[in-house]
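>>> Next come a sequence and a model predicted from it.
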Amino acid sequence: MRKKALVPLVAVVIAAGAVLSWQLAGRRPPKAPRDGAAFARQQLWNALQPVTLASCDLQRLGEVQDGGYLACANLLGGAKAGYSYGISGYDGWGCEVATRLGVPVHQYDCFDTRRPACAAGTVFHAECIGIRPETVDGRAYDSLDRQLTANGDAASRILMKIDVEGAEWDVFLTTPDNMLDQIDQLVVEFHGTGEARFLSAVHRLRQYFHVANLHMNNHACMGGQAPFGAWAYEVLFVNKRLTAATAEPRATPYHPLDRPNSPAEPDCQVVAP
């Protein structure tokens, strides 16, 4: 009981000592940000700024609007399989990867179990990605490492697209390192901007990937998300073993090949000041 009572006193002494040390040095102690969510958004924005890659021919794969994503077309060839998470009955990205590369593409969705109309080469699974094998409300979930292993891709280089309405954060925080490094190119639609764990997930991904593109989903344009223009946004990650980043700056985080997800709604891309 006494040890617990001493904890607040110790914390006060430490804090007072820190302030005194700043004062003796003639400086003011740093101020904590008043708006924690705004601070988290700014840090996340900074971590997601794209770099120019030494060798990357960006092309659009999939639909012209929603469902289409940019990829380094000249760096696709080493992948042995594709994984497409969050289908909703259509998957132009997965269909094009299967057709262009001649590799199997595994499609996953446990909410909308309609099988996309694709050419041969795609395999649909009425299952979602999660952090463990479980059934929730009658829907099956499993982890990325278990799904890769079940499909014979435990050691394969893969391409991956994931749009799973917020479940992506925990997936990237819990997937084993070796499985993350198997992904050649990763297209993510992220959902949310203001939580500290979002930055932790992106920092983990940046151990293995360069950020090659950032695009706001204009279905999700919303004020109060600055510096983001929307609460949902698409990011292209390219594995560092495929290409190096150059020092050439990007004028904008998005690319001319990006398109509004919804052509009938206002766009909200962020333009560099």
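Thanks, I have the structure now.

>>> Next, the buried residues of the helix or strand Val238 falls within.
According to DSSP states H and E, Val238 maps onto strand 232-239. Neighbour counts over strand 232-239 (16 or more other CB atoms under 10 Å) mark 232-239 as buried. C-beta here means a position set from N, CA and C on the backbone, and glycine is covered the same way.

>>> can you pull out the strands in the protein?
All strands of the chain, identified by DSSP state E, fall at 58-61, 69-72, 81-85, 105-108, 122-125, 128-130, 134-136, 139-143, 158-162, 183-191, 209-216, 232-239.

>>> From the ones you listed, pick the one with the highest average neighbour count.
With neighbours taken as mean count of other CB atoms under 10 Å, the strands of the chain reach their highest mean count in strand 81-85, at a mean of 26.

>>> packing partners for that one?
In terms of contacts (3 or more CB pairs under 8 Å, 6 or more residues apart in numbering; DSSP states H and E), strand 81-85 is packed against helix 92-101, strand 105-108, helix 144-150, strand 158-162.

>>> Adjacent strands (with direction) for it?
With DSSP bridges as the test, strand 81-85 is paired with strand 105-108 (parallel), strand 158-162 (parallel).

>>> Who are the contact partners of the most centrally placed residue in the chain?
The chain has Val188 as the residue nearest its centroid, 4.1 Å off, counting by CA atoms, centre = their mean. Residues in contact with Val188 (CB atoms under 8 Å, 6 or more residues apart in numbering) are 161-163, 168, 234-235, 237.

>>> Can you pull out the low-pLDDT segments for this structure?
Residues of the chain meeting the criterion pLDDT under 70: 1-34, 272-273.

>>> Can you measure across stretch 98-118, start residue to end residue?
Distance between the two ends of stretch 98-118: 9 Å, counting by CA to CA, to the nearest Å.

>>> Oh, that last question was meant for stretch 129-149, not what I typed.
Chord length of stretch 129-149, first to last residue, is 13 Å (CA to CA).

>>> Give me the residues contacting it.
Stretch 129-149 is contacted by residues 83, 85, 106, 108, 110-111, 125-128, 150, 154, 156, 158, 162, 164, 167, 170-171, 174-176, 179, 182 when judged by CB under 8 Å, 6+ apart.

>>> run the last query once more with 6 Å
For stretch 129-149, the external contacting residues (CB atoms under 6 Å, 6 or more residues apart in numbering) are 85, 110, 127-128, 154, 170-171, 174-176, 179.

>>> In helices, which of those residues appear?
170-171, 174, 179 (DSSP state H).

>>> Buried by neighbour count, from these: which ones?
171, 179.

>>> Dump the ones in helices among the contacts of stretch 129-149 to CSV, plus distance to Cys221.
Shown next, in CSV, are the ones in helices among the contacts of stretch 129-149 (distance: CB to CB, whole Å):
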residue, distance to Cys221
Asp170, 25
Val171, 25
Thr174, 30
Met179, 33
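
>>> just the ones in helices among the contacts of stretch 129-149 now: which is nearest Gly194?
Asp170 (16.4 Å; CB to CB).

>>> sorry, back to before: ok, of the buried residues of strand 232-239, which one's closest to Val271?
When those are compared against Val271 (criterion: CB to CB), the nearest one is Tyr233, at 14.7 Å.

>>> And for the closest residue to Gln42 other than its chain neighbours, the neighbour number?
Nearest in space to Gln42, with sequence neighbours left out and distances taken as CB to CB, 6 or more residues apart in numbering, is Pro227 at 6.2 Å. As a burial measure, Pro227 scores 13 neighbours (other CB atoms under 10 Å).
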